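> coords below, sequence missing:
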């Protein structure tokens, strides 16, 4: 496949790019600033574009089979996540390119409860409330979109760098926990799940979650 990764300089985006390359796909990377356009393998076509700016995304999407949105705004600018996602959904829909959106865990229900990560009192540390708020709005935006061919992959509570085991479990609306009660996955295995979805197309216009 031809795959383009938006937010390719980020922690999840770069791992998704590497996973795609390891599987033999042709990969393009989109970064926001010129200084981010380094340290990519020679086989990767690197583009500098401002998703929210005046840059036309159609030339980047032309000929692509799959777009991965791994965009994450910097601290203090979390509200930009929604308009960035909105533009990518619109442009991917116009181009007829399937899009995988890397979401957040905010919308997931807690096991045995009717509350979610976002609505459970005291569950979120204060410093995570802004990005959780943005991710909740991002998910609601996707649900309303009927033109783009999207899928929305959410991590569990803990998403950190780690090992690539190729192992994970799939879930739906409820956060998955392991035998120790931990809701976690490595960024490497999160990327494995992203590419599995890209290749197997199991969750069209659906939210799903992955964890150990």
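Here it is on my side, so go on. These numbers were taken from a predicted model, which means no experiment stands behind them. Residues are numbered from 1 along each chain as shown.

> could I get the full set of strands for this protein?
2-6, 26-31, 45-48, 66-69, 98-102, 150-154, 158-160, 169-171, 184-186, 207-211 (DSSP state E).

> in contact with the residue nearest the centre of the chain, which residues?
Centroid-nearest residue in the chain: residue 102, 1.3 Å away (criterion: C-alpha atoms, centre = their mean). Contact partners of residue 102, counting by C-beta atoms under 8 Å, 6 or more residues apart in numbering, are 7, 12-13, 16, 68-71, 153, 194. (C-beta placed from N, C-alpha, C; glycine too.)

> from those, pick the one nearest residue 205.
residue 153 (12.9 Å; C-beta to C-beta).

> bridge partners for that closest one, pull those for me.
In this entry, residue 153 is beta-bridged to residue 102, residue 208, by DSSP bridges.

> quick one: it and residue 210 touch, right?
Yes: the pair residue 153 and residue 210 qualifies as a contact (C-beta atoms under 8 Å) at a distance of 6.7 Å.

> who touches both of the two?
Each of 190, 193 lies in contact with both residue 153 and residue 210 under the rule C-beta under 8 Å, 6+ apart.

> ok, residue 11 - contacts?
Each residue near residue 11 by C-beta under 8 Å, 6+ apart is listed here: 161, 187.

> same thing but 10 Å
70, 72, 159-161, 187, 190-191 (C-beta atoms under 10 Å, 6 or more residues apart in numbering).

> widest-spaced pair of the residues you listed?
Greatest spatial distance among those (C-beta to C-beta): 70 and 160, at 15.5 Å.

> neighbour count for those two, which is higher?
Set side by side, residue 70 and residue 160 show more neighbours around residue 70, with 24 against 12, by other C-beta atoms under 10 Å.

> spatially nearest residue to that one, not counting backbone neighbours?
residue 13 (3.4 Å; C-beta to C-beta, 6 or more residues apart in numbering).

> can you check residue 72 too?
Nearest to residue 72 is residue 10, by C-beta to C-beta, 6+ apart, at 5.7 Å.

> check contacts around the one you found.
Going by C-beta under 10 Å, 6+ apart, residue 10 touches 16-17, 31-32, 36, 70-72, 102, 187.

> closest one of those residues to residue 128?
Taking C-beta to C-beta as the measure, residue 72 is the one of the contacts of residue 10 closest to residue 128, at 12.7 Å.

> and the closest one, what pLDDT?
On the pLDDT scale, residue 72 is placed at 93.
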